[in-house]
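Novice: Attaching a predicted model along with its sequence, questions to come.
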Amino acid sequence: MEAYLLEFANLLLRWLHVIAAIAWIGESVYFVMLDRSLRAPTSEESKKRGVFGEMWAVHGGGFYHNQKYLTNPAELPDDLHWSFWKSYTTWLSGFALFALLYMTKPTFYLANPNSPWEWAASMSGTEANIAAILFLIAGWVVYNELCKRISPNMDRDGILSVAVAIMMVLVAYLSVHIFSGRAAFLITGAVMATSMSANVFFWIIPGQRRMVADLKAGRTPNPLDGKRGTQRSVHNTYFTLPVVLLMLSNHYSFTYNSPYAWIIMTLFIFAGALIRQYFVLLHTGQNKLGYPVAGVLLILVIGWLAAPAQKTAGSDVSAEAAVTLQQVQGIMDARCIQCHAVSPEGYGFTTAPVGMLLDSEDQTLLHAAEVKKVVQNHYMPLGNITQMTEEERELIEAWSGTAD
């Protein structure tokens, strides 16, 4: 029952997280499109009212006329729309999901026993949990300090963009060396997502509240609040595509199990930002195809780096002798039944993950296709926590998947 309740909670949290993320990203993309598509007002009446820019659109059988004011609207309605709960809900549900799936089994999902750094390889589950939380906090603190110190008045945003890009390269490198591969990709995405939501919470919404309060009090708002909100919103829009990719990456082990994992992660981040830049510019009427072309080229490089190495004829186990079910079951007994058994022996499981039992030849035969797939692509054992050897993987790969 406990396993079922956890799985049901997983379903509900994931559903909430995806819905909130779609709503937040959709609204963010819409406002970026709107902001970039504005044109100077043509009517004298709009100019007199202080309209900064406007856009006409047709959608859903109707026509829309959007107008933007900077800090001088003639009046503010009582039902002013605010955009923040989608952001907060996305982050809170995402962190809850991370805690439920990863932090409840940190030794299994977070720790990296294969880290080249001794202190990281020897981390306990509790230490891995603390390291993950500190990693998220440190990511936000460093990013925020870069923004405050390099471009406090939004006059050196180009230099700031380079600094943030370098920061993300370092985040990718550190996460892969501290945490297990799948967790590293997720945590790097979470660093970006945390910065996005923190931008809303600490800068964008407070600045907007000050502007509204000033207008209602008859004071002139500080223009830096508007500029700073725009700066952080722009950063959020370039983080969006990389974050979505990194959050989906745990389904594709060829990315995080590659020896070039941190480079692959970095290239995905840059490719997503380049592709997003194309659409941002497209809204202003600039069709800069060089950006998506460069993004696609980076993705092709990723495909080349992540491709599995070709085995030589001498390493082909099947060429020497047929692999028996008994040999495969021996590997299951040594490397897999610690978790995939009726009564798991370790790593905090009370029932086998995803209900897959591998503690008998009949059960192994039943799951033969899944076993071969996850072992071949190095998805299992997670983080290779049970130290499965390459020779054992080759034996399973050469197995026919049937009884002798």
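Specialist: Thanks, I have it.

Novice: I'd like the next helix or strand past the host helix or strand of residue 170.
Specialist: Of the helices and strands defined by DSSP states H and E, residue 170 is found in helix 157-178. Per DSSP H and E, helix 157-178 leads on to helix 181-198 as the next helix or strand towards the C-terminus.

Novice: between that following helix and helix 157-178, how many degrees?
Specialist: Counting by axes from the mean of the first three to the mean of the last three CA atoms, to 10 degrees, helix 181-198 lies at 150 degrees to helix 157-178.

Novice: how far out from the middle of the chain is the helix or strand in which residue 119 is found?
Specialist: In this structure, residue 119 sits in helix 118-121 according to DSSP H and E. Computed by CA atoms, centre = their mean, to the nearest Å, the separation of helix 118-121 from the middle of its chain amounts to 24 Å.

Novice: Residues contacting the helix holding residue 170, please?
Specialist: With contact meaning CB atoms under 8 Å, 6 or more residues apart in numbering, helix 157-178 is reached by 112, 115-117, 120, 131, 135, 139, 142-143, 146-147, 150-151, 183-185, 187-188, 191-192, 231, 234-235, 256, 261-263, 265-266, 269-270, 273. In short, each C-beta sits where N, CA and C put it, glycine included.

Novice: Buried members of the residues you listed into PyMOL, please.
Specialist: Here is the PyMOL command that selects the buried residues among those (16 or more other CB atoms under 10 Å):
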select buried, resi 112+115+120+131+135+139+142+143+146+147+150+151+183+184+185+187+188+191+192+231+234+235+256+261+262+263+265+266+269+270+273
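
Novice: Which strands and helices lie in contact with the biggest helix by length in the chain?
Specialist: Ranked by residue count and defined by DSSP state H, the top helix of the chain is helix 2-37. On a contact count with 3 or more CB pairs under 8 Å, 6 or more residues apart in numbering; DSSP states H and E, helix 2-37 meets strand 62-68, helix 85-98, helix 223-248, helix 261-282.

Novice: Sheet-wise, list the partners of the first one with their directions.
Specialist: Just to be clear, that refers to strand 62-68. Sheet pairing of strand 62-68 (DSSP bridges) gives strand 53-59 (antiparallel).

Novice: Buried residues, the partner strand. List them.
Specialist: 53, 54, 55.

Novice: what residues are up against the second one?
Specialist: Think residue 54. Residue 54 makes contact with 38, 39, 41, 46, 65, 66, 67, 68, according to CB under 8 Å, 6+ apart.

Novice: likewise the last one?
Specialist: Contacts of residue 55 were listed using CB under 8 Å, 6+ apart, and they are 34, 37, 38, 39, 65, 66.

Novice: can you redo the residues you listed as a markdown table with distance to residue 239?
Specialist: Formatted as a markdown table, the contacts of residue 55 follow (distance: CB to CB, whole Å):
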| residue | distance to residue 239 |
| --- | --- |
| 34 | 19 |
| 37 | 21 |
| 38 | 23 |
| 39 | 27 |
| 65 | 31 |
| 66 | 25 |
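
Novice: Quick check: the gap between the most far-flung residue of the chain relative to its centre and residue 184.
Specialist: Farthest-out residue of the chain from its mean C-alpha position, per CA atoms, centre = their mean: residue 44, at 46.7 Å. Plainly put, residue 44 is 58 Å away from residue 184 if you go by CB to CB, to the nearest Å.

Novice: How about residue 257?
Specialist: In terms of CB to CB, residue 257 sits 11 Å off from residue 184.

Novice: and if you look at residue 323?
Specialist: Counting by CB to CB, the gap from residue 323 to residue 184 is 32 Å.

Novice: Can you report how many residues neighbour residue 203?
Specialist: Residues lying near residue 203 (other CB atoms under 10 Å) number 19.

Novice: Look up the closest residue to it, ignoring the ones flanking it.
Specialist: Leaving aside its chain neighbours, residue 203 sits nearest to residue 232 (5.0 Å; criterion: CB to CB, 6 or more residues apart in numbering).

Novice: For the one you found, list the residues it contacts.
Specialist: Each residue near residue 232 by CB under 8 Å, 6+ apart is listed here: 147, 199, 200, 203, 204.

Novice: I figured the third one hits residue 87, correct?
Specialist: Read it as residue 200. Yes. Residue 200 lies in contact with residue 87 (CB atoms under 8 Å); the separation is 4.4 Å.

Novice: what's the closest of the helices and strands packed on helix 2-37 to residue 4?
Specialist: Smallest distance to residue 4 across these (CB to CB): 17.2 Å, for helix 85-98.

Novice: Can you tell me what sits against stretch 58-68?
Specialist: The contact list for stretch 58-68 (CB under 8 Å, 6+ apart) reads 34, 35, 38, 41, 46, 51, 52, 53, 54, 55, 56, 57.

Novice: same question, stretch 376-389
Specialist: With contact meaning CB under 8 Å, 6+ apart, stretch 376-389 is reached by 107-109, 111-114, 180-182, 253-254, 257, 308, 331, 334-336, 338, 347, 373-375, 393, 396-397.

Novice: make it 6 Å
Specialist: Applying CB atoms under 6 Å, 6 or more residues apart in numbering, the contact partners of stretch 376-389 are 180, 253, 254, 257, 335, 374, 397.

Novice: Likewise for stretch 132-150?
Specialist: The set of residues external to stretch 132-150 that reach it, using CB under 6 Å, 6+ apart, is 110, 156, 159, 160, 163, 187, 190, 191, 194, 195, 198.

Novice: Report the mean per-residue pLDDT for it.
Specialist: The pLDDT scores in stretch 132-150 average 97.

Novice: I'd guessed residue 323 sits against residue 398; true?
Specialist: Yes. Counting by CB atoms under 6 Å, residue 323 touches residue 398, with 4.9 Å between them.

Novice: Show me how the protein divides into domains.
Specialist: 97-306, 313-398 (automatic domain parsing).

Novice: Turn those into JSON lines, columns for distance to residue 76.
Specialist: Formatted as JSON lines, those follow (distance: least, CB to CB, whole Å):
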{"stretch": "domain 97-306", "distance to residue 76": "6"}
{"stretch": "domain 313-398", "distance to residue 76": "53"}
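
Novice: okay, these, which one's buried deepest?
Specialist: Mean neighbour count (mean count of other CB atoms under 10 Å) peaks for domain 97-306 among the domains of the chain, with a mean of 18.

Novice: So what would you say the end-to-end distance of that one is?
Specialist: 28 Å (CA to CA, to the nearest Å).
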